[in-house]
Structure formats: structure tokens, C-alpha cells
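> sequence-free structure coming up:
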Ligand code: FES
Ligand SMILES: [Fe+2]
């Protein structure tokens, strides 16, 4: 496929133009978000950041953790986003609930740490008030010293909504928000073959990057920059012919082909990158008789054969899903790349106080396995010796982005994003201009603007 065909931004590059409308690979209808510039102050203004606190973060579904991390009554995790902190805890009845991590007495934080297990309720360290796992008040220290009317107020923990999709626990501070699965639009249906509930987090690396969280979302939501910043993957990644789909509620998807080189290269013979990708799935590049364009289908067939040999049922996957990146954006801050072997979740959270920083989690989920011959796609940056058994919860590894360690691809972006943050703050910057390749960015900001009342 050449880059020269007339480009239609309403259509871009469907992965399978013949796909029936009910197929998971069907191209979604075009959504017109206009072509106006994106106002730059959203990336640095403290005032904008404070408005996001109430207009955005307090109204959306925020991903807090995985259910397998809190299997028993009293098991909890502490989820932080911006200046908020939530206790997500399993009750004696087995139900997972979420509460503001705030004591109703004088506002102290109840629990520190990331995760843990409690035996006798939730006790505040300030004056020893105690709450049951379902948030109800159980003990007020020196109760007789309070005026009765003071204790007539609500003494229970402030509960927030908590809903679970495929093992992912989400919380929402807005009692009127639509249900989580409704917010997720086509994703719950599209994700079924991947069995995300059975996957386990096998690696979680966290770092604080020197940019606004939206610089992060924007940067990872387009492949337009790949030829400049990550040219090393062009031999195995068709950065240009992505299918981009825009859905309701700010959700977007990009399907981008792996095992197919970028049209910017136009190789006539198999390149080392393609050969390596073939070898990974047990194909011998030296005896391969096909052309460069035949590699992707050959890799798909080889992967399907090997899955069959290993007793895995991949029959629900389309061929393209075996090689390509099917990448979903869950508004406002999750990018989820789906592959049969595992998933890559990028999580962008605002810094508590600084609009010029964000907390970035790079998370790899996989189907637990002993057989090390099944690997997640190399772009995820999983170390060779990683434990794929999923038996012990993965510790969060905190790294300094300046020292690297997130994987080559991510290390390239961390440097870039610092430069973008500086540039967008210049008085000389007039606001982003988007191509059709960057439609996901435009769709994200259009939804954000609706939340912000812009
Ligand atoms: S602030 Fe929690 S018991 Fe006083
Ligand atoms: Fe990048």
C-alpha cells in the first residue's frame, strides 16, 4: 500500500474494508470534531488543573486496581489520583467497595501504603475511630464527650461508586455518572476474546514525567511521530496505514499493523526486523519464499498454529488480532493495547499539585503461563527474565525517567514530552493543528472540552 493514494480523513485506512458492520474490525462512522486549534493553557494552567479536579476527575470512572489483588475480606488497596485517595476494600460479604480515604472526624487520612489486609475494621490513627469494611462507624472514642447533635451527623465513611469490568476495579465520585460498562461503549464486547479477567499484571513500572498528563495521552494516541522519534520500529510497524475509530464517550481505537513495514521504507527484500519477527514465531526466514508483504499473513498463520500446538483456543480472534496492535482509549486517561498473549495498559494520572508533571504507569498484563515461548509483543519492553506465572502480584517498580528503564520506546518519549511541555508554554505557540492521523487526539480533547464546559 502506498502513501500516495488520495487521503480521506473521514475514512483513513480500514484494516479490512470488506468487514461486516457487526465485526470487531468494522470501521466506525466518522465523527467530525472540527479542525480548530487546541487551546494550550490546558497543559500548564493551575486554574485549568483545579477545574479538572471537579469537572473531570470527580465525574469519570477512574481505574483503581485489579480484583485479584484483594481476594479476601479486609484486603484493601489504596488508589490515588491527583490529591484524592480511595480505600478499595473487600467486605465480609465479599463485595468490593470504595471509600474516600478520609476520616469523617477531623479529615485525617485513614490508610497509607499501597495495599494490605485488615483484620478488625478500618481504624483511624488520629483518635482511633473505627469503621467496618462496609464503611459504617463502629467505634467513636470517648463518645460521651461529644454533644449528641454533633454525633447525629453522618459518621460513616464517604462511599463512592465502585464497578468492576474484567477484573479492573473502577471508582467514580459522581453518583449520577452512567454505569461503567456504558462508558466503555464497544470495548466490553470487543475485548471478550482476550479474557482480560484471566490476565494478571506481570509488570508495573511507574515514573513521574515532566509534562502535563494530556501531553502524555496525546503523545501515545498517535503514530504520526513514530518515524521521527522511534524510527527503529518502522521495519516491523506500519505507522501510516492505521485504522482509526472514534466512538461515543471519548473512546477511540487505532488498529496498527505489526509484522508489516512502514510504507516510508519500501524494502524489496526481507529486513533484519522482519526476519527477527518471523524467527520469534518459529518461521525460518532463510527458506521463506514470500515477499516483504507476505510476512504479516505468514506470522499470523504461524502464531495460530503454535497456539493450537499449545492447546490455546484462539479461534475467536481475527487474523489481524494475532499480529496487530488493537489499541483502545478509555476516556480520559487509559490506553489499552490488546493482544492474545497479553495487554499493555498505559495509565496517565495528574500530579497532585503540578500541572507540569504526571504520574505514568506502564503496565503489562498477561495470561499466566509456564511456557516461556509465548511472549508479549516486543514493544512492551518486558525483560527476558520476567516471571510470567502470575502467581505473585507484581510490585510497582518506581523509576526516574532520566535514567531510563521503561524500555527503549518509552525512554524516547520521556525525553520528547519534556520538550513538548516547554514548547506548548511558549507565548509563540498558537495551539495544536491536527492531521487525520491524530484524530484520536482531537476526539479526546472534544470530550474533555464537554466535561470542562469549554
Ligand atoms: S481524625 Fe480520625 S479519629 Fe480523629
Ligand atoms: Fe512515542
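Looks like it arrived, so ask away. What you see is a predicted model; the values in this text were computed from it and never measured. Ligands and ions are numbered 1, 2, ... in the order given.
> okay, CA-based contacts and neighbour counts for the rest of this
Noted.
> Skipping its backbone neighbours, what lies nearest the residue in the stretch 251-400 of the chain positioned nearest to ligand 1 in space?
Proximity to ligand 1, evaluated over the stretch 251-400 of the chain using CA to the nearest ligand atom, is greatest for residue 352 at 21.6 Å. Counting by CA to CA, 6 or more residues apart in numbering, residue 352 lies nearest to residue 82, which is 3.9 Å off, once chain neighbours are set aside.
> Might one say that that neighbour is in contact with residue 349?
Yes: the pair residue 82 and residue 349 qualifies as a contact (CA atoms under 8 Å) at a distance of 7.0 Å.
> my read is residue 218 is in a helix, agree?
Yes: the assignment for residue 218 by DSSP: H, G, I helix; E, B strand; the rest coil puts it in a helix.
> what about the helix ranked longest in the chain, distance to the chain center?
Ordering each helix of the chain by length in residues (DSSP state H) puts helix 408-424 first. Taking CA atoms, centre = their mean, to the nearest Å, the mean C-alpha location of helix 408-424 is offset from the chain mean by 18 Å.
> which of the residues in it are buried?
409, 410, 413, 414, 415, 417, 418, 420, 421, 424 (16 or more other CA atoms under 10 Å).
> Looking at residue 82 and residue 349, which is more packed in?
Applying other CA atoms under 10 Å to residue 82 and residue 349 shows that residue 349 carries more neighbours, namely 25 against 16.
> The closest residue to that one other than its chain neighbours: how many residues sit nearby?
Excluding its sequence neighbours, the residue lying closest to residue 349 (CA to CA, 6+ apart) is residue 359, at 5.0 Å. Close neighbours of residue 359, defined as other CA under 10 Å, add up to 21.
> ok so residue 359 is a strand residue?
Yes: counting by three-state DSSP, residue 359 is found in a strand.
> can you tell me which residues contact it?
Counting by CA atoms under 8 Å, 6 or more residues apart in numbering, residue 359 touches 206, 207, 208, 209, 213, 347, 348, 349, 350, 351.
> Looking at those, which are in strands?
Using DSSP state E, 206, 207, 208, 209, 347, 348, 349, 350 are the members of these that sit in strands.
> Report the separation between the fifth one and residue 177.
Taking CA to CA, to the nearest Å as the criterion, residue 347 is separated from residue 177 by 21 Å.
> Ok, the last one next?
Separation of residue 350 from residue 177 (CA to CA): 21 Å.
> Which one of those two is surrounded by more residues?
Between residue 350 and residue 177, counted using other CA under 10 Å, the more crowded position is residue 350 (26 against 15).
> show me the contacts for the more buried one.
Residue 350 touches 81, 82, 212, 213, 357, 358, 359, counting by CA under 8 Å, 6+ apart.
> Run through the strands of the stretch 101-250 of the chain in chain order.
For the stretch 101-250 of the chain, the strands defined by DSSP state E, counting those that start in this stretch cover 115-117, 122-123, 130-131, 137-139, 159-165, 168-172, 200-209, 243-246.
> Export those strands to JSON lines and append columns for mean neighbour count and mean pLDDT.
Formatted as JSON lines, the strands of the stretch 101-250 of the chain follow (neighbours: other CA atoms under 10 Å; pLDDT from 0 to 100):
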{"stretch": "strand 115-117", "mean neighbour count": "16", "mean pLDDT": "95"}
{"stretch": "strand 122-123", "mean neighbour count": "22", "mean pLDDT": "98"}
{"stretch": "strand 130-131", "mean neighbour count": "22", "mean pLDDT": "98"}
{"stretch": "strand 137-139", "mean neighbour count": "16", "mean pLDDT": "98"}
{"stretch": "strand 159-165", "mean neighbour count": "19", "mean pLDDT": "98"}
{"stretch": "strand 168-172", "mean neighbour count": "21", "mean pLDDT": "98"}
{"stretch": "strand 200-209", "mean neighbour count": "22", "mean pLDDT": "96"}
{"stretch": "strand 243-246", "mean neighbour count": "24", "mean pLDDT": "98"}
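> And these: which comes nearest residue 318?
With respect to residue 318, and counting by CA to CA, the nearest of the strands of the stretch 101-250 of the chain is strand 243-246 at 15.2 Å.
> Go ahead and name everything in contact with that closest one.
12-15, 27-31, 252-256, 437, 439-440, 443.
> now swap in stretch 18-30 and tell me
Taking CA under 8 Å, 6+ apart as the rule, stretch 18-30 contacts 10, 11, 14, 15, 16, 17, 190, 243, 244, 245, 246, 247.
> Widest-spaced pair of those?
10 and 190 (22.2 Å).
> For the stretch 51-200 of the chain, what lies in contact range of ligand 1?
Counting by CA under 6 Å from any ligand atom, the stretch 51-200 of the chain comes close to ligand 1 at 103, 105, 106, 107, 108, 124, 126, 127, 128, 129.
> Now for those, which sits with the most neighbours around it?
Neighbour counts for these (other CA under 10 Å) peak at residue 103, which has 24 neighbours.
> which residues sit against the longest helix of the chain?
So helix 408-424 is in contact with 40, 43, 209-212, 215-216, 219, 229-230, 356, 379, 381, 401-402, 404-405, 429, 431, going by CA under 8 Å, 6+ apart.
> What's the ChimeraX line that selects buried ones from those residues?
Selecting only the buried entries of the contacts of helix 408-424 in ChimeraX, with 16+ other CA under 10 Å as the criterion:
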select :40,43,209,210,211,212,215,216,219,356,381,401,405
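> Out of the contacts of helix 408-424, which sit inside helices?
215, 216, 219, 229.
> Tell me the one of those nearest ligand 1?
Using CA to the nearest ligand atom, the ones in helices among the contacts of helix 408-424 come closest to ligand 1 at residue 216, 36.4 Å.
> hmm, back to that, who's the residue nearest to residue 349 bridged to?
Judged by DSSP bridges, the bridge partners of residue 359 are residue 208, residue 349.
> Beta-bridge partners for the closest residue to residue 15 other than its chain neighbours, please?
Nearest non-adjacent residue to residue 15, counting by CA to CA, 6+ apart: residue 243, 5.9 Å away. Beta-bridge partners for residue 243, by DSSP bridges, are residue 255.
> okay, now residue 180: neighbour count?
20.
> typo on my end, it should be residue 18
Close neighbours of residue 18, defined as other CA under 10 Å, add up to 11.
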